[in-house]
Structures are given as structure tokens and as C-alpha cells.
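[1] Generate coordinates for the sequence data below:
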Amino acid sequence: MTTAIIAIHGGAGALSRETITPQQEAAYQAALNDILVQGSALLAQGGSALDAVTLAVRLLEDCPLFNAGYGSVFTSAETHEMDAAIMDGATLACGSVASIATVRNPVLAARAVMEKSEHVFFCGKPAEALAAAAGLEMVAPDYFSTPERRAQLDRVRADGAASFVLDHDAARHASKEDAAPLDEDKKLGTVGAVALDQSGNLAAATSTGGMTNKQPGRIGDSPIIGAGCYASNRSCAVSCTGTGEMFIRSVAAYDVAAQMQYAGASLTQAADQVVFDTLPAIGGVGGLIAIDAAGNVVLPFNSEGMYRGYARVGEAPVTGIYR
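    From the prediction side, this is the model:
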């Protein structure tokens, strides 16, 4: 029987090491640890990888510390637009939603698309209607608002409309040796989970509230299968976080799996190639989490920080923010 394992991330947009307080760091570490404990417990009881990533991402969405679900960032129109995706590595079944604003847990909407429709990807009002028909909890759009995210929007606006673009440019040459900071105010924050269950099946899920002050209608990599989320039992399960446009352009999640399946690369080799070579070459900043069919786990990132952690069944969780 396979030793089950789960890994999660809370986004590569981390508070700077110079500005984070001990209380803030402890809160993030505690949240990551608690979610890993719950996900690992589900796997220990024989739960599926698909159920484990669904649970983990739902809990991340319900935690206001992270930019997904409750606590999602504001668009430039002072609204919330959330995206999510999920994929079953055993069957390659998948589901995605984008630009939704009234479903409490976007990851559950993505799973409903996968399990209750003949399609893969729904957006906007039709996605919300599908979620409602599936019996999911619906909420008023202002449910997702928090004072912290409102203040974040105000700070970004005060910096000027192009503030996050400048930060992209500054990070253009990020590498292992010279990692660029990823300001949480200005960057795409995402949550995600990958898991391997006792039956040897893999799954991945990703969810996001988007980018602070983004143009309404903008969709990043999170809900795009192959860009921000991918899982196949033949290779690995991957969830990404960072500058979404670059992850889309490089098909980052699938690139890791393809290098393993077609070039014989190890999980570490493939993930490092994507995070430290392919993405920085086009100005991509961020990271990913991935687990392969043998239970190996990697959590590489080329930014200053990435909220992350993993837990093997029977072992204590391991969490981190910085290198």
C-alpha cells in the first residue's frame, strides 16, 4: 500500500521577511499546519487524493489569510472574481470555473463541473448557476470582502496603476541565487493542494481570488488545466502560484508532467527546470508544489517566499514561508 502524502500552498505572494511580524508568521504557519493535519487524516482513513485536495483547498478558501474564497482580493471595480480548478490523476477528469462571485467555495464549483456536467470549464453566471443547481452554498458577493483586502487595494492604488507591472519587471531575472521578493499587495495570490492516496492515485486543485486591482474579466493560470493545475497518475500532480500570464504562456503545470513522461526527468529535475529556467526567462515569478506517483514531493519557488507545507501520513507536517 502506498504511503499517502499531501502538499499545499497558500500563494507565492508572501509578506516580505523584513516586514512580517512574529505574530503574522505564526498565524500563517498555524493555518498551514492545521490544514495539513486535516488533509493527512483524511488520507490516513483511506480517503481519495481527490477528496483530500478538495478538503484542503476548501479550508484554504475559508481562511482569510489567503487570497481565495473568503478574503479574496478586490478588482479595480471593487468586486471579487474567483477562479478554481481540480483534476483527477487516475482518469484525467477535470473541472474549472472562472469569474464567479457568489459561490462560497470555488473549488467545490470546479468539482461540480467535473462531476455533474459534460464539460470542463464554465465562467461567470452560468458557472454560478451550475453550482447552485448542485446544491452548493451560495453567498452575497460582499461575503468575500475583508478590511485587510480593502486596505490592500487602497495601498496599491496609492502606488499607481502600474505598480505591479514594475514589480514584474524587477523580478525578471529571478534565479535560485538571486531570488526576487514577491510583494503580497501586488502579486497574484493563489492556494492549491496536491495529493497521493493509499491506492496510488494523484489529484490536484488550485483556487484564487486573482490579483489586487486587476482589470475585471482578467483570468490567470489557476483555472486553466495544464497552466496552474494538472494531475496524471503517469507522472505527477501539480498546483502553481505566481504571475499567471507567464504560467499560462509556459503551460507550467503540464510542462513538469511532460518532462517526466516524455524525457524521463525526475520530479525535482522537471520542477526546477520550470521554476528556475523556463519561467524566469519570460519574467515569470512564483512557484509550484508537486507530488509524483512514487510519493516524492517538491515545493520550489523563485520568489522571496511561498506559503507551503506537506504531510506524509504518520508523520508531522512540515511548513514554511521563506527559504
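
[2] Tell me, how many residues neighbour Pro141?
    12 (other Cβ atoms under 10 Å). Heads up, the C-betas are built off the backbone N, CA and C, glycines and all.

[3] Please report the average pLDDT across the helix or strand containing Asn33, rounded to a whole number.
    Here Asn33 sits within helix 22-44, counting by DSSP states H and E. Computed over helix 22-44, the mean pLDDT rounds to 96.

[4] Okay, buried residues for that helix please.
    The neighbour-count check on helix 22-44 (16 or more other Cβ atoms under 10 Å) flags Tyr28, Gln29, Ala31, Leu32, Asn33, Ile35, Leu36, Gly39, Ser40, Leu42, Leu43 as buried.

[5] Out of these, the closest to Val156 would be?
    Within the buried residues of helix 22-44, the smallest distance to Val156 is 20.7 Å, found for Tyr28 (Cβ to Cβ).

[6] quick one: contacts for the closest one?
    By Cβ atoms under 8 Å, 6 or more residues apart in numbering, the contact list for Tyr28 reads Gly10, Leu65, Tyr307, Ile321.

[7] same deal with Val73?
    Val73 neighbours (Cβ under 8 Å, 6+ apart): Asn67, His80, Arg149, Gln152, Leu153, Gly189, Gly209, Gly210, Met211, Thr212, Asn213, Lys214.

[8] now the contacts of Tyr28 as a markdown table including distance to Phe122 and secondary structure?
    A markdown table is the format used below for these (distance: Cβ to Cβ, whole Å; DSSP: H, G, I helix; E, B strand; the rest coil):
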| residue | distance to Phe122 | secondary structure |
| --- | --- | --- |
| Gly10 | 25 | strand |
| Leu65 | 28 | coil |
| Tyr307 | 28 | strand |
| Ile321 | 34 | coil |
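
[9] Now the element after the one helix or strand in the chain whose mean pLDDT sits lowest, going C-ward?
    The weakest-scoring helix or strand in the chain, judged by mean pLDDT, DSSP states H and E, is helix 163-170 (a mean of 30). Per DSSP H and E, the first helix or strand lying C-terminal to helix 163-170 is strand 189-196.

[10] could you give the angle of that next one to helix 22-44?
    Per axes from the mean of the first three to the mean of the last three Cα atoms, to 10 degrees, the angle that strand 189-196 makes with helix 22-44 is 30 degrees.

[11] Quick check: mean pLDDT of the very next helix or strand once past strand 189-196?
    As assigned by DSSP H and E, the chain's next helix or strand after strand 189-196 is strand 202-210. Mean per-residue pLDDT for strand 202-210: 97.

[12] Next, the angle strand 189-196 makes with strand 202-210.
    Using the same axes, to 10 degrees: strand 202-210 against strand 189-196 is 170 degrees.

[13] 49 is where my numbering starts, stick with that
    Sounds good: first residue 49 from here, last item strand 250-258.

[14] Quick check: which helices or strands does strand 250-258 pack against?
    helix 97-110, strand 130-136, helix 154-164, strand 237-244, strand 277-279, strand 284-290 (3 or more Cβ pairs under 8 Å, 6 or more residues apart in numbering; DSSP states H and E).

[15] Now distance to Pro174 too, for those, in CSV please.
    Output for the helices and strands packed on strand 250-258, formatted as CSV (distance: least, Cβ to Cβ, whole Å):
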stretch, distance to Pro174
helix 97-110, 21
strand 130-136, 14
helix 154-164, 10
strand 237-244, 23
strand 277-279, 20
strand 284-290, 25
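
[16] wait, which of these is closest to Arg266?
    Closest among the helices and strands packed on strand 250-258, using Cβ to Cβ: strand 130-136, at 9.9 Å.

[17] Pairing partners for the helix or strand following the closest one, with directions?
    Under the assignment DSSP H and E, the closest C-terminal helix or strand after strand 130-136 is strand 142-148. Sheet neighbours of strand 142-148, with direction, are listed as strand 130-136 (antiparallel), strand 169-171 (parallel) (DSSP bridges).

[18] buried residues in the helix or strand following the shortest one?
    The element immediately downstream of strand 169-171 (helix or strand, assigned by DSSP H and E) is helix 172-181. Residues of helix 172-181 classed as buried: Ala175, Glu176, Leu178, Ala179 (neighbour count, 16+ other Cβ under 10 Å).

[19] The third one contacts Ala160, doesn't it?
    Yes - distance between Leu178 and Ala160: 6.1 Å, which falls inside the contact criterion (Cβ atoms under 8 Å).

[20] number of nearby residues for Gly343?
    Neighbours of Gly343 (other Cβ under 10 Å): 15.
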